[in-house]
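Visitor: how does the following fold in three dimensions:
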Amino acid sequence: MGLSNTAATALPYGTTVAPESAVAQKQLLMRKSFGALLFCATVVPYLVGFSHMMKFSKLHPLQDWILLLASIHVPMTMYLFTDPAIRTQVRNGPIKFIVVPILLFAVCLLFFLASTRDIMQHKANVLTFFLVSVLSWNLWHFGKQNIGVYAYYRLSQSTGGMLPIERRLLYIGAFLGAISVSYLGLKGYQPQYSTDTFGYWNNMADYVSVSGKYLQYIVSMFSAVYIIYNRERFGWKTALIFFLCVNYFLPSYLSLDVARWGDFYAASGFSHGVQYIVFLLFHSFNTKPALPVSKKPNAIRIMATHIYVLIFVCCFLVIGDFYYWHKVFPVVHFANETSEAYWSSLFSAIAAGILVNHFWFDSFFWKFKNKEARDWMLERYSFLFKPASIGPTK
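Guide: Below is the predicted model:
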């Protein structure tokens with residue numbers, strides 16, 4: 001019998017709950033909350049992608065929150081560095097965690113600063129292709145995260161692990177997301193950075209996108225048939241989350257239109273960002289620092305016990321103010337067009353550097369095959385991997 005079924009059994013009148021049972025009930029609540037939030041976040045792109053009524057321009061307050069949560073999760077990666085286990089991983093891998101990130105920042109600075117004059121003259125062809133490449137990596141990153149979302153969601157529902165065929169389908173879905181930008185990404189960046197029509201490349205990108213569209217339809221039908229054929233593995237929520245994760249980019253292929261794709265990209269970024277924030281939030285709930293034993297808890301000790309929750313909230317507020325609210329960090333104004341262009345290139349390069357480093361770090365921190373990362377996840381998400389048992393006592 002699953003943990004959730006055991007917890008649902010009513011306790012007889014007069015029964016007291018053992019400390020172990022109280023822990024188990026708390027873990028059960030965390031599992032259910034974690035699963036529910038992941039489920040809601042993953043549904044978002046479909047609600048937007050299939051709805052022709054929703055226009056961000058008509059929902060300005062909602063638009064602000066969508067853009068905030070879509071982008072704030074990127075620098076929130078810095079929150080993970082407050083975890084001693086993550087810092088140990090960094091110390092044990094200085095090349096991949098220190099040298100490569102510096103090089104990624106240097107590449108972004110090179111592309112943007114070297115292209116500043118070309119940007120002012122709308123001749124930044126090289127930068128355009130670089131940005132399309134970053135956007136493609138971005139959507140691959142979205143799809144890769146969905147592999148973890150599906151695996152963790154199954155754990156939250158006590159339905160066992162993921163099968164190899166399911167993992168392959170999720171990888172195919174991530175690949176389809178990466179190639180979906182070939183046409184629409186080029187169409188989106190070209191008016192902003194270059195007057196070149198990119199005739200040959202647009203034709204090639206059009207061919208890739210149309211091929212991806214039909215492959216996406218095949219994958220959608222296959223995943224639906226797979227769920228039906230293996231229905232004993234799925235409850236309705238698990239089946240839906242699997243279908244949505246595999247076909248995360250289906251809405252973008254249904255309408256290969258730049259304007260509609262922009263809406264979908266914002267919605268999928270929002271969904272991806274909320275998924276990531278959920279992982280970090282529950283990390284903060286379940287991570288406790290080692291403290292000396294004390295019989296008399298006080299306010300300072302309570303705060304120390306929940307220090308990671310406080311750090312998470314502080315990171316969110318500081319980054320949110322720097323990016324959007326500007327209550328503490330002011331909006332920067334520039335003296336003239338030329339200085340604005342160079343400062344804008346610098347800020348864009350830093351933002352791009354933070355983004356690609358977010359991709360890079362996450363590809364290792366959450367890699368379950370790696371022993372250090374696996375041990376860290378097993379400990380920090382013990383409410384999923386190592387749930388306590390519930391046993392009422394008289």
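Visitor: all helices of the stretch 1-150 of the chain, in order?
Guide: 3-7, 19-49, 60-72, 84-92, 94, 100-114, 116-120, 125-156 (DSSP state H, counting those that start in this stretch).
Visitor: among these, which is nearest residue 352?
Guide: helix 100-114 (4.3 Å; Cβ to Cβ). C-betas here are computed from N, CA, C, even on glycine.
Visitor: name the helices or strands packed onto that closest one?
Guide: helix 125-156, helix 337-365 (3 or more Cβ pairs under 8 Å, 6 or more residues apart in numbering; DSSP states H and E).
Visitor: buried sites along the longest one?
Guide: Taking 16 or more other Cβ atoms under 10 Å as the neighbour-count basis, helix 125-156 is seen to contain the buried residues 125, 127-132, 134-156.
Visitor: equivalent analysis for the shortest one, please.
Guide: Residues of helix 337-365 classed as buried: 342, 345, 348-349, 352-362, 365 (neighbour count, 16+ other Cβ under 10 Å).
Visitor: how about the helices in the stretch 251-394 of the chain?
Guide: So, for the stretch 251-394 of the chain - with DSSP H, counting those that start in this stretch - the helices run 258-286, 299-305, 307-320, 337-365, 371-380, 382-385.
Visitor: of all the helices and strands packed on helix 100-114, which one is nearest residue 232?
Guide: helix 125-156 (13.8 Å).
Visitor: off-centre distance for that closest one?
Guide: 8 Å (Cα atoms, centre = their mean, to the nearest Å).
Visitor: what is the helix or strand just after that helix packed up against?
Guide: Where DSSP states H and E defines the elements, the next helix or strand beyond helix 125-156 is helix 164-179. Applying 3+ Cβ pairs under 8 Å, 6+ apart, one finds that helix 164-179 contacts helix 125-156, helix 199-229, helix 236-246.
Visitor: buried set for the second one?
Guide: Just to be clear, that refers to helix 199-229. 201, 202, 205, 209, 212, 213, 216, 219, 220, 223, 226, 227.
Visitor: which residues of the stretch 251-394 of the chain score low on pLDDT?
Guide: Applying pLDDT under 70 to the stretch 251-394 of the chain picks out residues 255-259, 288-305, 326, 329, 331-339, 387-394.
Visitor: excluding chain neighbours, give the residue nearest to residue 144 in space.
Guide: residue 174 (5.3 Å; Cβ to Cβ, 6 or more residues apart in numbering).
Visitor: these two touch, right, the one you found and residue 148?
Guide: No. The pair residue 174 / residue 148 is not scored as a contact, 11.4 Å apart, by Cβ atoms under 8 Å.
Visitor: run through who's touching stretch 342-358.
Guide: Stretch 342-358 is contacted from outside by 74-75, 77, 101, 104-105, 108-109, 111-113, 115-116, 119, 131, 134, 137-138, 141, 332, 334, using Cβ atoms under 8 Å, 6 or more residues apart in numbering.
Visitor: 7 Å instead, please
Guide: Contacting residues not belonging to stretch 342-358 are listed as 74-75, 77, 101, 104-105, 108-109, 112-113, 116, 119, 134, 137, 334 [Cβ atoms under 7 Å, 6 or more residues apart in numbering].
Visitor: what would the helices and strands packed on helix 164-179 look like in a markdown table with mean pLDDT and distance to residue 168?
Guide: Shown next, in a markdown table, are the helices and strands packed on helix 164-179 (pLDDT from 0 to 100; distance: least, Cβ to Cβ, whole Å):
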| stretch | mean pLDDT | distance to residue 168 |
| --- | --- | --- |
| helix 125-156 | 92 | 10 |
| helix 199-229 | 89 | 11 |
| helix 236-246 | 93 | 10 |
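Visitor: mind checking which of those helices is nearest residue 275?
Guide: Between the helices and strands packed on helix 164-179, helix 125-156 lies closest to residue 275; by Cβ to Cβ that is 5.6 Å.
Visitor: other SSEs contacting that closest one?
Guide: Here helix 125-156 touches helix 19-49, helix 100-114, helix 164-179, helix 181-193, helix 236-246, helix 258-286, helix 337-365, helix 382-385, going by 3 or more Cβ pairs under 7 Å, 6 or more residues apart in numbering; DSSP states H and E.
Visitor: any chance of TSV for the ones you listed, columns distance to residue 67?
Guide: Output for the helices and strands packed on helix 125-156, formatted as TSV (distance: least, Cβ to Cβ, whole Å):
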stretch	distance to residue 67
helix 19-49	13
helix 100-114	21
helix 164-179	20
helix 181-193	16
helix 236-246	22
helix 258-286	7
helix 337-365	13
helix 382-385	30
